[in-house]
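Q: How does the following fold in three dimensions:
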Amino acid sequence: MTDGDWLAARRRDLVGFAKNAADPAGGFGWLDAEGDLDRDKPVATWITARMTHVFALEDGLGDPGAAALADHGIAALRGVLHDDENGGWFSSVSDTTKAAYEHSFVLLAACSAQAAGRPHAEEVLTEVLEVIETRFWDAEIGLPFESWDKAWTATEAYRGANSTMHFVEAFLAAGDVTGDKIWHERALGLSERIVHVTAAAHGWRVPEHFTEDWRTDLNYNRDDQRHPFRPFGATVGHWLEWARLLLHVEAALGDRAPAWLLADARALFDSSVRRGWGVDGHLGFVYTLDWDDLPVVRQRMHWVMAEAIMAASALHRRTGEDPYGDWYATFWEYARKNHIDPIGGWRHELAPNGTPSAGVWAGKPDTYHAYQATLFPLLPLAPAAALTCRTLRK
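A: Model prediction:
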């Protein structure tokens, strides 16, 4: 079986498992380790938007059942998760906070659904672009606000690299799908500030947390080290994710791309494997490090391995250099042995010895990272995946 055939089989396995996340009441819910909906957790916008994105991509690849699932997600983004009074999207059906992280995925989902030709996607895309422009984009400094209350009257005194990173991803898709290249330029600007300026100044470690005036806060959540979205310290998986995204930015900009994008991608990848891979005597990437490069949370997360796979693949294709190809094979071998679950989906969290764990993430709520790891190595770095998926129809 060729690499492409193996990846396609793994992709279809993930899709078959993820279909269970469709909640009859609207949106996509949290799946437990067996693949059943966890009714104790509310339907969340980030999960619904990510799954809408996945099923829109899968629709482009010719899966006959994916269109209805993408439409199911769009319906929730127009319905139970949408604030009809004030505009924008709630964090979940039980949380009226409006966060940059969630809105980045609404934009990504809308772009992918629009590219797939799904009904009502354009309506969501038009609104989310307007909301990001008017509510989340701080034009004075070219960086986003983190969150707002329901009525858009108060914003959080926190700024985050995680939501900023996902705006890079979504802005690249928006530039490709809408044709408005301002989104590509903004993706470049965000990358420059977080990586080329800030990460470089911290020895190619990416600070995650910032004050409202964008000063680094290296002690943020020191007392909540296992926070699933804002853990203390440095999150190695994000260094890998940024490395990949820098190459997508470079490809999107073409001849206008600055040379530092590739150089910084190399530096981040090197920093990740040197500081994060097997540093506690066990294979795999630790979840977080302190600022002396000592492991803080040692669990191995599935999304980190997925991003490692994609970063190694992107660097290998961009440079043709064998070490990146070797790392790609190493990462897939680890994922195959440890994360891919025979009963379906990927085990989201592992103890350092590779056994299942649930200290940070319980269940299997997120198919987005693993799905992209099976697909992106077969796609060009630009344009957006949804625009090129039909070339892989089988």
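Q: all helices of the stretch 101-250 of the chain, in order?
A: For the stretch 101-250 of the chain, helices defined by DSSP state H, counting those that start in this stretch occupy the ranges 121-131, 161-178, 182-191, 200-201, 236-253.
Q: among those, which is nearest Asp36?
A: Of all the helices of the stretch 101-250 of the chain, helix 236-253 sits nearest to Asp36, with 26.7 Å by CB to CB. (Each C-beta comes from the backbone N, C-alpha and C, glycine too.)
Q: right, so the helices of the stretch 101-250 of the chain: which one is the most enclosed?
A: helix 236-253 (a mean of 26; mean count of other CB atoms under 10 Å).
Q: What mean pLDDT does it get?
A: Summarised as a single mean, pLDDT over helix 236-253 is 98.
Q: Packing partners of that helix?
A: helix 161-178, helix 182-191, helix 260-276, helix 302-319 (3 or more CB pairs under 8 Å, 6 or more residues apart in numbering; DSSP states H and E).
Q: Let me have these in CSV, extended by mean pLDDT and distance to Gly62.
A: Below are these laid out as CSV (pLDDT from 0 to 100; distance: least, CB to CB, whole Å):
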stretch, mean pLDDT, distance to Gly62
helix 161-178, 98, 20
helix 182-191, 98, 28
helix 260-276, 98, 32
helix 302-319, 98, 22
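Q: can you redo the ones you listed as a markdown table with distance to Gly344?
A: Shown next, in a markdown table, are these (distance: least, CB to CB, whole Å):
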| stretch | distance to Gly344 |
| --- | --- |
| helix 161-178 | 26 |
| helix 182-191 | 34 |
| helix 260-276 | 28 |
| helix 302-319 | 13 |
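Q: Of all those helices, which one is nearest Tyr220?
A: Closest among those, once you apply CB to CB, is helix 161-178, at 10.9 Å.
Q: what's in contact with the host helix or strand of Phe17?
A: Assigned by DSSP states H and E, Phe17 falls within helix 3-18. Defining contact as CB atoms under 8 Å, 6 or more residues apart in numbering, one finds that helix 3-18 is touched by 1, 31, 35, 51, 54-55, 58, 63, 66, 340, 344-346, 364, 367, 370-371, 374-375, 377-378, 392, 394.
Q: quick one: low-confidence ranges for the stretch 1-150 of the chain?
A: The model of the stretch 1-150 of the chain has pLDDT under 70 over residues 1-2.
Q: Please identify the buried residues of stretch 24-36?
A: Buried positions in stretch 24-36, judged by neighbour count with 16 or more other CB atoms under 10 Å: Gly26, Gly27, Phe28, Gly29, Trp30, Leu31, Asp32, Ala33, Gly35.
Q: Surely the second one and His82 touch.
A: No: with contact taken as CB atoms under 8 Å, Gly27 and His82 are classed as non-touching, separated by 10.7 Å.
Q: and His316, how many neighbours?
A: Residues lying near His316 (other CB atoms under 10 Å) number 19.
Q: show me what contacts it?
A: His316 makes contacts with Asp322, Tyr324, Gly325, Tyr328, as judged by CB under 8 Å, 6+ apart.
Q: In the residues you listed, which residue is surrounded by the most others?
A: Tyr328 (22 neighbours).
Q: Isn't Trp214 up against Phe145?
A: No: judged on CB under 8 Å, Trp214 makes no contact with Phe145 at a distance of 11.0 Å.
Q: ok, the buried residues of stretch 24-36 vs Asp224, which is closest?
A: Trp30 (20.6 Å).
Q: and the gap between Arg12 and Leu375?
A: Distance, Arg12 to Leu375, using CB to CB, to the nearest Å: 11 Å.
Q: Kindly report the same for Phe136.
A: On the measure of CB to CB, Phe136 and Leu375 end up 28 Å apart.
Q: ok, Gly203 to Ala362 distance?
A: Distance from Gly203 to Ala362, by CB to CB: 33 Å.
Q: The two: who's more crowded?
A: Between Gly203 and Ala362, counting by other CB under 10 Å, Ala362 is the more crowded of the two (16 against 11).
Q: Look at the more buried one and tell me its secondary structure.
A: coil (DSSP: H, G, I helix; E, B strand; the rest coil).
Q: The one 3 residues further on now?
A: When the structure is split into helix, strand and coil by three-state DSSP, Pro365 lands in coil.
Q: List the contacts of the residue nearest to it when sequence neighbours are not counted.
A: Counting by CB to CB, 6 or more residues apart in numbering, Trp30 is the residue found nearest to Pro365 once chain neighbours are left out, at 4.2 Å. Going by CB under 8 Å, 6+ apart, Trp30 touches Ala21, Leu37, Asp38, Lys41, Ala44, Ile47, Gly363, Pro365.
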